[in-house]
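Engineer: only geometry, no sequence info:
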């Protein structure tokens, strides 16, 4: 059991590292790239190409991977089955979009940007963590529990 947990953590680390390198190489850790993508008057399509590349890899690999009975390091698939739209989903999506548009960061690139030592990424990650903790504390009061 411990060996399998170590393998899962090692694979998770390597996958996260490859993802972080990809974000850095593609420039997606630079907030100005994201803000330029969202700005029609100064549009930068590079994020679109990154998204299309990721979508292409997913469209090809996901059906092949799902043919397996289970993941390599797990006994069963853990795939969400819910399809309803909840207040929590809508609110979370809106907050994500607002934060992404204002700051130019989403969680993955923000965490990757911490390696640069940039104060903006540190501030974003700190406020992101604060927001997560605040949500956990207020979730019951907002009646957004699922």
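Structural biologist: Noted; the coordinates are in hand. As the structure is a prediction and not an experimental result, all values here were calculated from the model.
Engineer: shaky segments in this structure?
Structural biologist: Along the chain, segments meeting pLDDT under 70 span 1, 143-146.
Engineer: tell me the centre residue of it?
Structural biologist: Nearest residue to the geometric centre of the chain (CA atoms, centre = their mean): residue 108, 4.9 Å.
Engineer: pretty sure that residue contacts residue 21?
Structural biologist: No: using CB atoms under 8 Å, residue 108 makes no contact with residue 21, being 11.8 Å away. Using the backbone N, CA and C atoms, a C-beta is placed for each residue, glycine as well.
Engineer: quick one: residue 14 from residue 53, how far?
Structural biologist: In this view, residue 14 and residue 53 are 20 Å apart by CB to CB, to the nearest Å.
Engineer: same check, this time on residue 130
Structural biologist: Distance of residue 130 to residue 53, given as CB to CB: 33 Å.
Engineer: cool, and residue 120?
Structural biologist: Look at residue 120 and residue 53: by CB to CB, they are 26 Å apart.
Engineer: likewise for residue 76?
Structural biologist: From residue 76 across to residue 53, the span is 30 Å (CB to CB).
Engineer: please, which helix or strand holds the residue nearest to the centre of the chain?
Structural biologist: Using DSSP states H and E, residue 108 sits in helix 107-113.
Engineer: ditto for residue 129
Structural biologist: helix 119-142.
Engineer: now swap in residue 79 and tell me
Structural biologist: Under DSSP H and E, no helix or strand contains residue 79.
Engineer: ramachandran coordinates for it?
Structural biologist: Taking degrees, to the nearest 10, you get phi -120, psi 130 for the backbone angles of residue 79.
Engineer: number of nearby residues for it?
Structural biologist: Residue 79 sits with 6 neighbouring residues when counted by other CB atoms under 10 Å.
Engineer: now it: how far from residue 55?
Structural biologist: Note on residue 79: its distance to residue 55, by CB to CB, is 18 Å.
Engineer: how about residue 108?
Structural biologist: Per CB to CB, residue 108 is found 16 Å from residue 55.
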